[in-house]
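Asks: Next input, structure requested:
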Amino acid sequence: MEWGEVESMLAPGVVALVLMGAAAWFVGGFVPLVGASAIALFAGALIRNTIGTPAALAPGVEFTLSRLLRLAIILFGTTLSFAEVVSLGSASFLVICVTVVLALGLTGLFGKWVQAPPGLVRLIGAGTAICGATAVLTVGPIIEAKQEEIAFAVTTIFLFNMVAVVVYPLLGHLLALPNVTFGIWAGAAIHDTSSVMAASLAFSEPAGRAAMVVKLTRTLMLVPLALAFGIIAHSYRRVSVVGIFPWFVLWFVLAAGLNTLGLFGPETARVTGLLAKFLVVMVMAAVGLGADLRRMREIGLRPFYIGLFASVLIAAISLGLIRRLIG
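Replies: This next block holds a predicted model:
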């Protein structure tokens with residue numbers, strides 16, 4: 001397929017999301033407590049569940065969810081200094097490790113208690129512990145999960161991502177959390193990277209920088225998790241480290257390294273930071289356009305209970321650890 005044809009396929013969806021993002025950005029300026037990302041998310045969900053998402057927008061929406069989200073993360077790296085990474089310290093890494101292990105283990109026990117299908121429980125546990133839908137879609141084939149289990153897990157994770165974008169900043173302000181504390185909490189507890197960025201940037205830009213460092217460190221744990229699931233399922237030969245490694249994280253690190261060396265001036269960092277924020281708003285609009293509320297109702301309550309348990313668990317444990325270890 002030639003580039004012109006690709007452009008024509010992507011243009012309707014991308015242009016629509018640019019317009020939705022611009023509108024949400026404008027309205028968000030009047031209600032900063034809610035923020036542009038949450039407004040874009042709700043607007044997308046409203047369109048999806050009333051008039052429906054036109055098929056012509058699908059390629060551009062998918063491109064935004066995958067490629068433009070990664071671009072936003074890389075651009076955000078240009079505003080980060082490795083001094084900030086060092087300042088987070090080993091305590092934040094300990095928070096990530098303990099939270100991931102407990103989320104997987106306790107979610108498994110709760111799922112067994114409510115007698116949910118084991119494959120579904122593992123998928124929700126992986127999605128909650130690591131990186132949302134990406135973890136679900138990576139682990140699903142490895143454990144030979146059924147397609148409906150993968151769909152249920154993704155939908156459940158998606159629902160709690162939507163809630164997190166709105167609830168976390170409100171809780172952060174209610175609890176009067178410092179910027180770095182909130183950023184570490186968002187990065188350690190919220191599922192998908194897009195939701196982490198949206199929630200943390202809605203709180204503050206320093207929170208957003210801390211959240212991205214923690215979240216991307218957490219994302220890297222998908223590699224050992226997938227390998228472990230592969231070994232347990234006796235299918236480890238099918239697990240490709242190269243295939244599941246989040247390579248865009250290296251570009252994020254490179255951008256942060258160049259900024260640490262002073263190659264990006266303050267004005268450049270300001271512009272790239274604003275562009276990254278706007279791309280996140282577009283991504284949240286795209287997420288909203290994929291929110292099928294009817295499908296969410298159809299999946300039943302057991303996956304919802306597991307997702308609720310996992311989400312509340314990881315939020316409470318991570319915040320408790322952060323306050324005890326970091327302050």
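Asks: In the chain, where's the longest helix?
Replies: helix 82-113 (DSSP state H).
Asks: elements contacting that helix?
Replies: Where contact means 3 or more CB pairs under 8 Å, 6 or more residues apart in numbering; DSSP states H and E, helix 82-113 is packed against helix 118-126, helix 179-189, helix 205-220, helix 248-260, helix 302-325. Every C-beta, even on glycine, is put in place using the N, C-alpha and C of the backbone.
Asks: And it, what's buried?
Replies: Within helix 82-113, the residues that qualify as buried are 84-85, 88, 92, 95-96, 99-100, 102-104, 106-108, 110-111, counting by 16 or more other CB atoms under 10 Å.
Asks: likewise stretch 31-51?
Replies: For stretch 31-51, by 16+ other CB under 10 Å, it's 34-45, 47-49.
Asks: as a whole number, average confidence for it?
Replies: For stretch 31-51, mean pLDDT is 81.
Asks: quick one on the thing from earlier: tell me the one among the buried residues of helix 82-113 nearest to residue 230.
Replies: residue 104 (15.1 Å; CB to CB).
Asks: Would you agree that closest one is in contact with residue 124?
Replies: No. The pair residue 104 and residue 124 fails to qualify as a contact (CB atoms under 8 Å) at a distance of 10.1 Å.
Asks: I'd like the helices and strands packed on helix 82-113 as TSV, with mean pLDDT and mean neighbour count appended.
Replies: Below are those laid out as TSV (pLDDT from 0 to 100; neighbours: other CB atoms under 10 Å):
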stretch	mean pLDDT	mean neighbour count
helix 118-126	86	25
helix 179-189	91	27
helix 205-220	84	23
helix 248-260	81	17
helix 302-325	85	19
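Asks: Dump those into JSON lines; add distance to residue 142 as well.
Replies: JSON lines is the format used below for the helices and strands packed on helix 82-113 (distance: least, CB to CB, whole Å):
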{"stretch": "helix 118-126", "distance to residue 142": "10"}
{"stretch": "helix 179-189", "distance to residue 142": "24"}
{"stretch": "helix 205-220", "distance to residue 142": "17"}
{"stretch": "helix 248-260", "distance to residue 142": "21"}
{"stretch": "helix 302-325", "distance to residue 142": "19"}
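Asks: so who does residue 9 touch?
Replies: Residues near residue 9 by CB atoms under 8 Å, 6 or more residues apart in numbering: 59, 60.
Asks: how about a cut-off of 6 Å?
Replies: Each residue near residue 9 by CB atoms under 6 Å, 6 or more residues apart in numbering is listed here: residue 59.
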